[in-house]
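>>> for reference, the sequence and a predicted model appear below.
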Amino acid sequence: MPNHVYKVIEIVGSSTVSTDDAIRAAVDKAGQSIRHLNWFEVVETRGHIQDGKVAHFQVTLKIGFRIED
């Protein structure tokens with residue numbers, strides 16, 4: 001089995017629905033331009049408040065992907 005090298009990027013997903021939806025949106029968007037996505041790690045969760053209510057959930061993710069041989 002060959003050794004692999006990975007790169008890690010940090011992105012922020014947002015959603016008006018939930019943190020899970022924000023994570024899925026971020027991973028889906030990253031997958032449109034990056035191949036070989038392998039894992040993600042939630043490093044921060046925060047939100048945007050408007051008129052005293054939660055307007056957006058924001059989730060910062062580290063995403064790891066394998067660099068092609």
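Great, that's in hand. Numbering: from 1, shown residues only.

>>> this structure: helices as residue ranges?
19-33 (DSSP state H).

>>> which stretches of it form strands?
6-15, 37-50, 53-66 (DSSP state E).

>>> so which of the ones you listed comes closest to residue 21?
strand 6-15 (3.8 Å; Cβ to Cβ). C-beta: built from backbone N, CA, C; applies to glycine.

>>> what would the strands of the chain look like in a markdown table with mean pLDDT and mean neighbour count?
Formatted as a markdown table, those follow (pLDDT from 0 to 100; neighbours: other Cβ atoms under 10 Å):
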| stretch | mean pLDDT | mean neighbour count |
| --- | --- | --- |
| strand 6-15 | 96 | 14 |
| strand 37-50 | 96 | 12 |
| strand 53-66 | 97 | 16 |
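
>>> rebuild those strands as CSV, extending it with distance to residue 25.
Putting those into CSV (distance: least, Cβ to Cβ, whole Å) gives the following:
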stretch, distance to residue 25
strand 6-15, 5
strand 37-50, 12
strand 53-66, 9
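
>>> which among those is found nearest to residue 28?
Nearest of those (Cβ to Cβ): strand 6-15, 8.8 Å.

>>> give me the helices and strands touching the closest one, please.
Applying 3 or more Cβ pairs under 8 Å, 6 or more residues apart in numbering; DSSP states H and E, we find strand 6-15 packed against helix 19-33, strand 37-50, strand 53-66.

>>> one more time with 7 Å
Applying 3 or more Cβ pairs under 7 Å, 6 or more residues apart in numbering; DSSP states H and E, one finds that strand 6-15 contacts helix 19-33, strand 53-66.

>>> what's that strand in contact with?
21-23, 25-26, 30, 38, 56-67 (Cβ atoms under 7 Å, 6 or more residues apart in numbering).
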